[in-house]
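>>> fold the following for me, if possible:
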Amino acid sequence: MIGIFCYILFRESDLLVNRIFNIQFVNIRALDNFIFINFIRYNLPDGLWLFSGCLILRSIWNKNNKMSQIYVIAFILFAFLFEIGQYFNITPGTFDIIDLFTMGIFALFEQFIYKYYFLKE
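As a prediction, the model looks like this:
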């Protein structure tokens with residue numbers, strides 16, 4: 001939900017999520033020069049997307065730790081390759097090194113939460 005709000009509040013109105021829900025873009029161009037606003041606008045949704053995908057995969061293979069780890073790693077690799085593919089114009093989108101950094105932080109955060117709160121070994 002937070003990622004959707006990032007799109008609704010900070011992204012242009014021609015995005016698919018805005019067309020689906022018929023939402024008008026909130027124009028806050030005065031805040032464009034703030035790095036944090038740009039991070040929320042462009043990078044945070046990628047990190048949240050990766051984080052939620054990992055959690056969904058963990059919940060699907062809840063009882064099988066080894067299988068869930070394999071799928072989560074494959075999902076993270078896919079996400080990174082998709083972003084890198086944008087650099088080489090293989091996949092659609094705009095490459096951003098901060099996206100890779102954000103996804104890496106969220107992937108580590110998910111691993112930390114899983115290891116220390118869910119495994120309880």
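
>>> list the buried ones in stretch 79-92?
Of the residues in stretch 79-92, A79, F80, F82, E83, Q86 count as buried by neighbour count, 16 or more other Cβ atoms under 10 Å. For the C-beta atoms, the positions are set from N, CA and C on the backbone; glycine is no exception.

>>> select from the residues you listed every entry located in helices.
The helices, defined by DSSP state H, take in A79, F80, F82, E83, Q86 from these.

>>> report the buried residues of stretch 106-117.
F106, A107, E110, Y114.

>>> any stretches of this structure with poor pLDDT?
1-34, 120-121 (pLDDT under 70).

>>> how about 80 then?
1-38, 40-41, 63, 118-121 (pLDDT under 80).

>>> and the helices in it?
2-10, 16-20, 35-38, 44-60, 65-87, 97-113.

>>> need those in JSON lines with distance to L119, can you?
Formatted as JSON lines, the helices of the chain follow (distance: least, Cβ to Cβ, whole Å):
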{"stretch": "helix 2-10", "distance to L119": "25"}
{"stretch": "helix 16-20", "distance to L119": "34"}
{"stretch": "helix 35-38", "distance to L119": "33"}
{"stretch": "helix 44-60", "distance to L119": "10"}
{"stretch": "helix 65-87", "distance to L119": "7"}
{"stretch": "helix 97-113", "distance to L119": "10"}
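
>>> give me whichever of those is most buried.
Among those, helix 44-60 has the highest mean neighbour count (mean count of other Cβ atoms under 10 Å), at a mean of 18.
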